[in-house]
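**Student:** Sequence plus predicted model, see below.
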Amino acid sequence: MIAPPPLAAAIARAARDAGGRAFIVGGWVRDRLRGEPSKDVDIEVYGIRQDDLHALLMPLGRVEPVGHSFPVYKVAGPDDGGNAIDVALPRRES
């Protein structure tokens, strides 16, 4: 099994240390199950307030908020070669 990028593990540790949980979701999981390579890492964070998520991510690298109706943060560490990880809170569809 191929491990996720170090930045993903750092995000998970930061969420855990703040009382939350982080899960890799989406394309990276699908591609790994198929045995294919993937650079597309998406993380969903539970147990962290939206107002606190940006501050939690700031020590980990460059954080760029995107999206208007549902905030997603693109996080890129100093050694990631521009491959940002998308981090979001769970949302409810209506």
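**Tutor:** In hand now; what should we look at? Numbers count the residues shown, from 1 in each chain.
**Student:** In the protein, which helix is the longest?
**Tutor:** helix 6-17 (DSSP state H).
**Student:** What is the subsequent helix or strand relative to that helix?
**Tutor:** strand 21-25 (DSSP states H and E).
**Student:** got the buried residues for that following strand?
**Tutor:** In terms of neighbour count (16 or more other C-beta atoms under 10 Å), strand 21-25 has its buried residues at 22, 24. To be clear about C-beta, it is placed using only N, CA and C from the backbone, and glycine gets the same treatment.
**Student:** Can I get it as CSV, trimmed to CA atoms?
**Tutor:** Extracted in CSV, the C-alpha atoms of strand 21-25 (Å, rounded to 0.1, in the frame of the first residue of the first chain):
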residue,chain,number,x,y,z
ARG,A,21,-10.4,13.6,12.7
ALA,A,22,-9.2,13.8,9.1
PHE,A,23,-10.0,11.3,6.3
ILE,A,24,-8.6,11.1,2.8
VAL,A,25,-11.6,10.9,0.4
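**Student:** partners of it, with directions?
**Tutor:** Strand 21-25 sits in its sheet next to strand 42-46 (antiparallel), going by DSSP bridges.
**Student:** can you tell me the average pLDDT over the longest helix of the chain?
**Tutor:** For helix 6-17, mean pLDDT rounds to 95.
**Student:** Could you tell me the angle between it and strand 21-25?
**Tutor:** If you take axes from the mean of the first three to the mean of the last three C-alpha atoms, to 10 degrees, helix 6-17 sits at 150 degrees to strand 21-25.
**Student:** Output the contacting helices and strands for helix 6-17.
**Tutor:** strand 21-25, strand 42-46, helix 50-57, strand 72-76, strand 85-88 (3 or more C-beta pairs under 8 Å, 6 or more residues apart in numbering; DSSP states H and E).
**Student:** how distant is the shortest one from the center of its chain?
**Tutor:** For strand 85-88, the gap between its own C-alpha mean and the chain's C-alpha mean amounts to 3 Å (C-alpha atoms, centre = their mean, to the nearest Å).
**Student:** Parallel or antiparallel, list what pairs with that strand.
**Tutor:** For strand 85-88, pairing defined by DSSP bridges yields strand 42-46 (parallel), strand 72-76 (antiparallel).
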